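[1] Take this sequence and fold it.
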Amino acid sequence: MAVLIFILGSIIGSFFNVCIYRIPRDESISYPPSHCTVCTHRLMPLDMVPILSYIFLKGRCRYCGEHISIQYPLVEALTGGLYLALYLKFGIGIELLFYGILISILIIISVIDIHHAIIPPSLIIIGMVSAVIFNLIGWGRPFLDSIYGCLAGAGVILLMDILSLLLFKKQGMGGGDVKLMGMVGLFMGLRYVLLSILFSIYIGGITFLILIIAGKIKKGSYIPFGPFLSLGTLVSLFLGAQIIMWYTSKFF
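    Here you go, the predicted model:
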């Protein structure tokens, strides 16, 4: 079953690559069919086998020879791996579907934010509507906890942005980040959305310092924070309960 989950996830990840490319360009995700973005030749089934097609084609289009971004197999492998991790944590059930929706949206949003520094509102809406439906029918988080999580997630990021404007005279977070963590709060609830933000600050801060030391960016440069919020959410989802238990056992 684990192998099947990974294969299914990688196939879905292939579709996510379509979303990542087309959504920021306001293109339909269903038409035209998958094609090379350079020569526009329609791709055949053998060209779209997740991960393997990239390897066998040596990262190039079969028809024009143009280089294919490594993003494609990475997103496919990442999606398969995260779906597998969800299966190992929750098994087959509603939680797998519930958090699978969250992870799917986070993957698409993160890559789009890296490339375009935007978080499409349409994806946030899809996530929020899905979370509210699941929560209302009792398949997700307790409803009040999800509302508190939404308000806290959006509120903390908004507060961080306001403080950045007051202290540094520059925007620290974008409106998309505020909406993103509001959506995450609906899936994660109050305690875990706050934990997600804490982890994202640690991960983002360490990454920023490493990039500065390595000379990849300059102090004061802007880097999209959506991927770090997503990473923090994943840490909270998979390890949050254990971390909270460890912390309370040590200090309380």
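[2] Let me see the contact set for Leu82.
    Under the criterion of C-beta atoms under 8 Å, 6 or more residues apart in numbering, the contact list for Leu82 reads Gly9, Ile103, Ile107, Leu234. Every C-beta, even on glycine, is put in place using the N, C-alpha and C of the backbone.
[3] what sits up against the one helix or strand the first one maps to?
    To tie it back to what came earlier, the one meant is Gly9. Under the criterion DSSP states H and E, the helix or strand holding Gly9 is helix 2-22. Defining contact as C-beta under 8 Å, 6+ apart, one finds that helix 2-22 is touched by 27-29, 34, 37, 48, 50-51, 71-72, 75-84, 87-88, 104, 107-108, 111-112, 115.
[4] Can you flag the buried ones in these?
    34, 48, 50-51, 72, 75-80, 82-84, 87, 104, 107-108, 111-112 (16 or more other C-beta atoms under 10 Å).
[5] and those residues, which of them are in helices?
    72, 75-80, 82-84, 87, 104, 107-108, 111-112 (DSSP state H).
[6] and the gap between Leu151 and Glu76?
    Leu151 sits at a distance of 35 Å from Glu76 (criterion: C-beta to C-beta, to the nearest Å).
[7] let me redo that: Asp177
    If you measure Asp177 against Glu76 using C-beta to C-beta, the figure is 26 Å.
[8] still on that earlier bit, what's the mean pLDDT across the helix holding Gly9?
    In this model, helix 2-22 carries a mean pLDDT of 94.
[9] Which residue, neighbours along the chain excluded, lies closest to Lys179?
    Using C-beta to C-beta, 6 or more residues apart in numbering and skipping residues adjacent in sequence, the residue nearest Lys179 is Ile124, 4.7 Å away.
[10] now the angle from the host helix or strand of the one you found to helix 2-22?
    Ile124 is located in helix 121-136, with elements delineated by DSSP H and E. For helix 121-136 against helix 2-22, the angle between stretch directions is 140 degrees (axes from the mean of the first three to the mean of the last three C-alpha atoms, to 10 degrees).
[11] Who's the closest spatial neighbour of Val235, skipping the chain neighbours?
    Nearest one to Val235, counting by C-beta to C-beta, 6+ apart, is Phe199 at 4.5 Å.
[12] And for that neighbour, the neighbour number?
    Phe199 is flanked by 21 other residues according to other C-beta atoms under 10 Å.
[13] how near is the spatially most central residue of the chain to Leu159?
    With distances taken as C-alpha atoms, centre = their mean, Leu106 lies nearest the centre of the chain, 1.9 Å away. Going from Leu106 to Leu159 by C-beta to C-beta gives 22 Å.
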